[in-house]
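Undergrad: Task: produce atomic coordinates for the following.
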Amino acid sequence: ARPLLRARNPPLRALRDLHDAARDVPNLSNQENARILADLQGLSDGLSVCEGLSRIPIPLQYTRHLSRSLTLWLLLLPGGGSGRRAR
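TA: Numbers count the residues shown, from 1 in each chain. As a prediction, the model looks like this:
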């Protein structure tokens, strides 16, 4: 776990470790091995999409609107639970 925590990109390191472990599994048929590697490739593709999305800057207006909306919602949340229930 320590090398994973020290890695520059922990998700990528975990994926590489999974790939290395999948190659070393004994008694797998070629079809099973190919399926595991295909699934890992799908994870890799998803990871690259997520990393690309995380690098897109969020416009200042969106963050201000979200902050104000979330603050208002959190302030009004306790009041919604204090009312009497209709029977």
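
Undergrad: What's the mean pLDDT across the helix or strand harbouring residue 14?
TA: In this assignment (DSSP states H and E), residue 14 forms part of helix 10-23. The predicted model gives helix 10-23 an average pLDDT of 89.

Undergrad: Run through the neighbouring helices and strands of that helix.
TA: Counting by 3 or more C-beta pairs under 8 Å, 6 or more residues apart in numbering; DSSP states H and E, the packing neighbours recorded for helix 10-23 are helix 2-6, helix 30-54. C-beta coordinates here come from the backbone N, C-alpha and C atoms, glycine included.

Undergrad: contact partners of the shortest one?
TA: Pointing back at helix 2-6 there. Contacts with helix 2-6, where a contact means C-beta atoms under 8 Å, 6 or more residues apart in numbering, come from 10, 13, 14, 17.

Undergrad: Of those, which is the nearest to residue 76?
TA: For the contacts of helix 2-6, the minimum distance to residue 76 (C-beta to C-beta) is 37.7 Å, reached by residue 10.

Undergrad: how about TSV for the helices and strands packed on helix 10-23, with distance to residue 77, mean pLDDT and mean neighbour count added?
TA: What follows is these, written out as TSV (distance: least, C-beta to C-beta, whole Å; pLDDT from 0 to 100; neighbours: other C-beta atoms under 10 Å):
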stretch	distance to residue 77	mean pLDDT	mean neighbour count
helix 2-6	35	84	9
helix 30-54	29	91	12
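
Undergrad: May I see these organised as CSV, with distance to residue 67 added?
TA: CSV is the format used below for these (distance: least, C-beta to C-beta, whole Å):
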stretch, distance to residue 67
helix 2-6, 31
helix 30-54, 19
